[in-house]
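Enquirer: One predicted model, sequence on top.
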Amino acid sequence: MGYFLRAANPANGLIADSSRDSAPCSIAATGLGLAAYAVGAERGFLSRGDAAARTLAALRFLSDSPQGEEEDATGHRGFYYHFLDMQTGRRVWQCELSMIDTAILIAGVLTTGCYFTAEGNDEREIRECARFLYERVDWPWATAGGSVLRMGWKPGAGFLSYGWEGYSEAMLLYILALGSPTHPLPPDRYGAWTRTYQWENLYGIDVLFAAPLFIHQLSHIWIDFRGIQDAFMREKSCDYFENSRRATQIQQQYAMRNPRSFAGYDEHCWGITAGLGPGFTPRQYEHGLERQYHGYVARGVPFGPDDGTLAPWAAAASMPFAPEIVAPTLRHVRDRHPHAISANGLLTSFNPGFKNNGGGAGGGGDGAIRGWLSPEHQGVDQGPVALMLENHRSGLLWRLMRGCPAIVAGLRRAGFRKGWLGSASR
Amino acid sequence: MTAAEANDSGSRPAMPVTPGYDVALAANVRPPGWTNPKPASNYHLVIIGAGPAGLVAAAGAAALGARVALVERNLLGGDCLNVGCVPSKALLRSARFYADLDQAPTFTGGAPMGSDADFPAVMERMRRLRAHLSRHDSAERFQSLGVDVFIGEAAFAGPRLIQVAGAGLPFSKAVIATGARPSRPDIAGLDECGYLTNETVFNLTERPRRLLVIGGGPLGCEMAQAFARLGCSVTIANKERYFLPDEERDAAEILANALRRDGIEVRHNTVVTGVSREGMEKRVRLVNDHQESTVVVDEILAGVGRVPNVAGLNLEAAGIAYDQKRGVLVDDHLRTSNRRVYAVGDVALERKFTHMAEATARMVIQNALFMGRKRLSSLTIPWCTYTDPEIAHVGLYVQDGRKGGHPLKTFTIPMSDVDRAVLDGEDEGFVKIHVREGTDTILGATIVARHAGEMINEISLAMVAGIGLKTISQVIHSYPTQAEAIRKAADAYQRTRVSPFLAWLSRRWLAWSR
C-alpha cells in the first residue's frame, strides 16, 4: 500500500513503474494504485478525501492528456502507452500502446467509479471520468481486423505482429472489451481466444495451464470468478477461481520436486513468475549443476525458464485461492529469508542460490553470501499483493466490481453464467 | 568450399565433389557413364523421381512383379540421402557429442573439457556415413531388383507417355515423385552476396566463424544448434513469435531456451530486409517490430520453406492439374486429374517428410496397380524436429481438436519426473498425450525429450492400433527407461478414473476385510 502513496506524482496522479530512481510511470501500476486507494481508504491508510484527491488527479490527467497518432502522445483510441514520463505524461522509451496494461489501468479506473459513490463534487467527477475513460476505449480496433486482440501498437509502425493466444491475464482485457457499451468486442472473439486453451493433467491435478503464476491472479484482482462459469469451464466442471487454486498447488508441487536442485525451494518456498532476476550470465557449473541466470523473463513452472529466482509477492497474491499453503509459505519466507522483505514490503524477487560474495544488490554490504535480492519494488508486484490480500480478508474489490456494469456485461457476453452473476443487475 | 561456390549449382543439389567418400556416393547415386536401358513397349508403372517415395514405389512394385521404370534427373536417394535427413543427422550427432563434452561437469563433477570441434573431420564423417548408406539407394541395386533406371529429365508427352533422354516410356500408370526444393527468400542483395540452403550447406569444408540462419522452422533450428555446437557464432532470425509455429507453445519455448543456452542469439519477430557485402563479410539488415539493426556474418543459411518441383514436367500434356505452391493436386487416393497418374511425397503433400513420402508411395502401389482405395486422410503421421531436445508430434494439436469441437484433455508428464531421464541428465521436456475428454482415446501427442523421435513411435502405434491409455497403463515398460514417461501419462489417466464413490467403496471394502 505504501508503495502507491510514495510512488505517485500528486500533480498528475501517475504512479512509477518501480522504486528505482527516475523510473517512468507504468499505466498498469497506475491502475493498480487507483484500486489500492480504495482499499487504503477502507483500511485507514489514507482518508477518503485524500484517496479521492489522488484518484481525481489521475483521472483528470488521463482524460485530458493527448490522444492520437503522434509519437509522444499519452495514448491513442482510448488506449495508453505502456510507460509514460512521470512529469509530462508523454510516451517514453518508444514503448508500445499496450492493450493489457490499458486493461489494468481501466480496471483500476472502474474501481474508483464503483467505490466513490458519494454525492460530493469530487466523487461525482470521479464517476464521470471513469465512465468517460472506459467508454472511450476502442476495443475492436485492437483486433486489427483479426479474430484475437493484439498485444500492442506503435505509431507509424502499426500493430505488433502477435496477438493473445492461450490462457493468460488477457481474460481481464477480454471481459472489459466485451462489456463496453460504446465499443464492444464481438462475443465470438472470446470464443476464438478460448479455443487456444489447453486443459492438462499435471502432477495429477487438472488445470487450465499457464506457466507463470501471475497469469492466474491478475484478472482475479477485480473479478470474482467463484462459482461462475463460461462454456469452457462448464465443459470442465470447474471455474477460474478453482483453477487458480490448482495452479497455486502446482507451484508448490514443482518446488517440492525441485528438478533443478535450486537453493531454498521446498513446500513452503515457491512463487515462480515473470519478473526481475539476477541478470544474464553465460552457462556455468556449480558443484556439477548447470546454472544460467536471467534478467527480466517470464519464469514459469514446470518447463521454465527457471533460474532459482523466487517472487514471494506472487505467493502472497495467491492467498485467496489457497490460504492453507500460502500462509505457511509467507511465514517461512519471513523466518528463513527475512532479507526478501524490506521495510517497504515483499521484494520483487530474490534468488537464494545466486553466488554473490557480498557485493551488488544482494550483499547487504556486510559480506554475507545471501544470494541475489531485487534492488527494487515494482508497482505491478505490490498491487496484486495489497489487492488480493484485501480480497482474501474482505472481498472488497470483488464486491465493488460485482456491481460494475462493464464487468457484469462483459462476463455475460463471454458466456459466463450462474453464481453471483445470476443475481447481478443487468 | 564457401557459400558462393556452393551456390553455383543452381536450383538443384549438386553432386558433392570432395574427393574420397563422395566418389563412392556418386558411384551409387549417379554412376558415371550410366547407360539407360532400352525402354519396354509398355510399363505397368513409370515413376518420375528417385527420392524416398520413388525408390519405395519402384522397389515395391517390382517385387510384386510389375514392369517398372524409374527416372531420375539428378541423384538417386533424393534430398533425404544427399542433402537432407542423412547428412543433417550425421552432423547433429557430432554436434551433440561436442555439447556433451561441454556438459562434462554435470557428469563428472569436474571441470569443463572444453574441446574445440574439428569441423572438417565432422564433415568428413558425415560424407563417410552418407556414402555408406547410399548403397541402399544405388542405381545398380535397383537395376538388380528388376527396375529400369533412367537418368535424365522426364517430361510428359501425352496422357500415357513420358519422354526421357530421347526415349519414350509408355505407361499404364505413372507416379510423380519429384520432391521439392528450398524456397528462394525474396531479400534484397541476398542472391548477389550468396547464401546456403540445405542443398549446399553440407558441401562446406570450412567452418564459418559467424553464421546467420534465416527461418525458425525445423531446418533452421536444427542447423542453428548444430553449427553453434560446432563452434560457430550463430544468430537465428525467425519472423514468427515462436520457433516451429505449428508446435505447442511450451515446446517452442523450451526449444528457444535450449538454443539460447547453446549461445545462439535468438531473434523472434524478425525479418531480414537486405544483405550487402563488405569484403568477405555480409552485412544483414534485420527489422524487429519496426526497429532496424544489422548483423555482420560470414555465411547465411536460408531455411524458409520448400516449394514443389513441378517445372519442366510438361504436366499440361498429360492433363495434370498443379499449382506452383501446392504442387501436383491429388485427391485422397493420391490420384491426379489424370486418372492414370498419381503423385506422392513432397511434390504433392503439405507435410514434407521422408516417412510421409514413403508411406504414400506404399499406398500408391496398391491404389495404382491393384485397384486399392487407400486414403491419405487415414494415415497417422508422426514427425520430429531433431534439435536437442527433440520435438516430436503425432495426431491432433489441442487447438485443432477444440476447433473441431472435440473436448480434449492433456496428460502431461515432465521428463524431470522420469527416473531414467534424470539419471541420464536428459530431464528437459515433457510427454503430453491428448485424449478425447472422458475417454482414453488418444487423439494426439507431443513429446519434447532428448529422444522424442524414438518415443513418439509408441504413441503412433497406439493410435494406429486403437490402443487407449487404459491399455498402455497395463503395458509393462522396462525400468528405467525414458519411455516410461508414456506409461506414467497413462497411469495419470487411470487415476482420474477413480471417482469419489469408487474411492469410498474401496475404503469400505478394505475396512471390512481387515
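Expert: Nice, thanks for sending it over.
Enquirer: Please look at A:Val380 and A:Ala28 and confirm they touch.
Expert: Yes - under the criterion of CB atoms under 8 Å, A:Val380 makes contact with A:Ala28 at 5.2 Å. Quick note: C-beta positions are derived from backbone N, CA and C, even for glycine.
Enquirer: any residues in contact with both of these two?
Expert: Shared contacts of A:Val380 and A:Ala28 (CB atoms under 8 Å, 6 or more residues apart in numbering or on different chains): A:Ile104.
Enquirer: Between the two, which has more neighbouring residues?
Expert: A:Ala28 (27 against 21; other CB atoms under 10 Å in any protein chain shown).
Enquirer: Sort out which residues of the helix or strand hosting that one are buried, please.
Expert: Assigned by DSSP states H and E, A:Ala28 falls within helix A:27-43. Neighbour-count burial for helix A:27-43 flags A:27-41 (criterion: 16 or more other CB atoms under 10 Å in any protein chain shown).
Enquirer: average pLDDT for that helix?
Expert: In this model, helix A:27-43 has an average pLDDT of 97.
Enquirer: Quickly list what A:Phe159 is bridged to.
Expert: A:Trp153 (DSSP bridges).
Enquirer: Next, give phi and psi for the nearest residue to A:Gly395 once chain neighbours are set aside.
Expert: Spatially, and ignoring its direct neighbours in sequence, A:Gly395 is nearest to A:Asp224 (7.2 Å; CB to CB, 6 or more residues apart in numbering or on different chains). A:Asp224 adopts backbone torsions of phi -80, psi 100, taken as degrees, to the nearest 10.
Enquirer: For A:Asp224, list the residues it contacts.
Expert: A:Phe241, A:Gly395, A:Trp398, A:Arg399, A:Met401, A:Arg402, A:Trp420 are the contacts of A:Asp224 under CB under 8 Å, 6+ apart.
Enquirer: what's the answer for B:Pro52, then?
Expert: B:Gly77, B:Gly78, B:Cys80, B:Leu81, B:Gly345, B:Thr354, B:Ala357, B:Glu358, B:Ala361.
Enquirer: quick one: low-confidence ranges for the chain?
Expert: Went with chain A since none was named. Across chain A, the ranges flagged by pLDDT under 70 are A:356-370, A:425-426.
Enquirer: um, chain B though
Expert: B:1-12, B:14-17.
Enquirer: just checking, A:Val297 touches A:Ala311?
Expert: No - at 11.8 Å, A:Val297 does not count as touching A:Ala311 under the criterion of CB under 8 Å.
Enquirer: more neighbours, these two?
Expert: Comparing A:Val297 with A:Ala311 by other CB under 10 Å, the one with more neighbours is A:Ala311, at 28 against 19.
Enquirer: What residues does the stretch 101-250 of chain A have near chain B?
Expert: Within reach of chain B by CB under 8 Å from any CB of the partner chain, the stretch 101-250 of chain A has these residues: A:154, A:156-158, A:160-162, A:165-166, A:195-202, A:204, A:206, A:209, A:211, A:235.
Enquirer: just checking, A:Phe350 touches A:Ser374?
Expert: Yes - contact criterion CB under 8 Å: A:Phe350 and A:Ser374 qualify, at 6.3 Å.
Enquirer: For the two, indicate the residue with more neighbours.
Expert: A:Phe350 (29 against 26).
Enquirer: what's the offset of stretch A:45-65 from the middle of its chain?
Expert: A distance of 21 Å separates the centroid of the chain from that of stretch A:45-65, by CA atoms, centre = their mean, to the nearest Å.
Enquirer: who's in contact with the residue nearest the centre of chain A?
Expert: In chain A, the residue lying closest to the centroid (CA atoms, centre = their mean) is A:Leu218, at 4.3 Å. Going by CB under 8 Å, 6+ apart, A:Leu218 touches A:Ile104, A:Glu169, A:Leu172, A:Pro384.
Enquirer: Most neighbours among these, please name it.
Expert: A:Ile104 (29 neighbours).
Enquirer: Tell me who's in contact with it.
Expert: Per CB under 8 Å, 6+ apart, neighbours of A:Ile104: A:Ile27, A:Ala28, A:Gly31, A:Leu32, A:Leu172, A:Leu218, A:Val380.
Enquirer: isn't there a helix covering it?
Expert: Yes - under DSSP: H, G, I helix; E, B strand; the rest coil, A:Ile104 falls within a helix.
Enquirer: From chain B, how far off is it?
Expert: According to CB to the nearest CB, to the nearest Å, A:Ile104 stands 22 Å off from chain B.
Enquirer: Kindly provide the distance from that residue to B:Arg207.
Expert: Note on A:Ile104: its distance to B:Arg207, by CB to CB, to the nearest Å, is 49 Å.
Enquirer: repeat for B:Arg96
Expert: Relative to B:Arg207, and taking CB to CB, B:Arg96 is found at 17 Å.
Enquirer: mind saving the C-alpha coords of the helix or strand harbouring A:Ala58 as PDB?
Expert: Per DSSP H and E: A:Ala58 is located in helix A:48-64. Output in PDB follows, covering the C-alpha atoms of helix A:48-64 (Å, rounded to 0.1, in the frame of the first residue of the first chain):
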ATOM      1  CA  ARG A  48     -11.300   9.100   1.800                       C
ATOM      2  CA  GLY A  49     -10.800  12.700   0.800                       C
ATOM      3  CA  ASP A  50      -7.100  12.100   0.200                       C
ATOM      4  CA  ALA A  51      -7.900   9.000  -1.800                       C
ATOM      5  CA  ALA A  52     -10.400  10.900  -3.800                       C
ATOM      6  CA  ALA A  53      -8.000  13.700  -4.500                       C
ATOM      7  CA  ARG A  54      -5.300  11.300  -5.600                       C
ATOM      8  CA  THR A  55      -7.800   9.500  -7.800                       C
ATOM      9  CA  LEU A  56      -9.100  12.700  -9.300                       C
ATOM     10  CA  ALA A  57      -5.700  13.900 -10.200                       C
ATOM     11  CA  ALA A  58      -5.000  10.800 -12.200                       C
ATOM     12  CA  LEU A  59      -8.400  10.600 -13.800                       C
ATOM     13  CA  ARG A  60      -8.300  14.300 -14.900                       C
ATOM     14  CA  PHE A  61      -4.900  13.800 -16.400                       C
ATOM     15  CA  LEU A  62      -5.900  10.600 -18.200                       C
ATOM     16  CA  SER A  63      -9.000  12.400 -19.500                       C
ATOM     17  CA  ASP A  64      -7.200  15.500 -20.700                       C
END
